[in-house]
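*Asks:* sequence unavailable; structure follows:
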């Protein structure tokens, strides 16, 4: 192999390494952009708690960020194994930060999902609980019995 060929190979490898780094950086930028906006997570426009929870649950969607992160990790791993990066500590740190953020969003979404399922049941339990609820149940039963008696009295009068 000639000296010129070896020089060309080094140049090509350098170009490929730069392109690989650019691919990783681009995928990371796309992933950050795909995350929910902080205002969407913080602000809610709803009439009740369940509406707020549903809006929050919708906002807590990492969207395509996970796919972009996967692409970044794929190209990063390939570049590392090929020893293509002179200094990859910044990329590795950003990948870890992005992974942690996506995990936090996912865990928060699960917690909100649990609350969304729990709150209506809790509301029903609170409505049915206590002495006032028992009095209301008795009053409703008495009223239903009276309605039934009135129908019988009308039948007797005929």
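*Replies:* Right, received. Where do you want to start? Please read all numbers here as calculations on a predicted model, not as lab measurements.
*Asks:* return the mean pLDDT over the helix of greatest length in the chain, rounded to an integer.
*Replies:* For the chain, the longest helix by residue count, based on DSSP state H, is helix 89-128. In this model, helix 89-128 has a mean pLDDT of 94.
*Asks:* so which bits of that helix are buried?
*Replies:* 91, 94, 95, 98, 101, 102, 105, 109, 112, 115, 116 (16 or more other C-beta atoms under 10 Å). Where C-beta positions appear, they are placed from N, C-alpha and C, glycine not excepted.
*Asks:* so what does that helix touch, helix or strand wise?
*Replies:* helix 3-34, helix 49-59, helix 65-81 (3 or more C-beta pairs under 8 Å, 6 or more residues apart in numbering; DSSP states H and E).
*Asks:* residues making contact with the next helix or strand after the first one?
*Replies:* Remark: after helix 3-34, the chain's next helix or strand is helix 38-42, criterion DSSP states H and E. Counting by C-beta atoms under 8 Å, 6 or more residues apart in numbering, the neighbours of helix 38-42 from elsewhere in the structure are 56, 59, 60.
*Asks:* before we move on, the earlier item: for the buried residues of helix 89-128, which one is nearest residue 50?
*Replies:* residue 116 (6.9 Å; C-beta to C-beta).
*Asks:* which residues touch the nearest residue to residue 71 once chain neighbours are set aside?
*Replies:* Among residues not flanking residue 71 along the chain, residue 27 sits closest, at 4.2 Å (C-beta to C-beta, 6 or more residues apart in numbering). Residue 27 is in contact with 68, 69, 71, 72, 75, counting by C-beta under 8 Å, 6+ apart.
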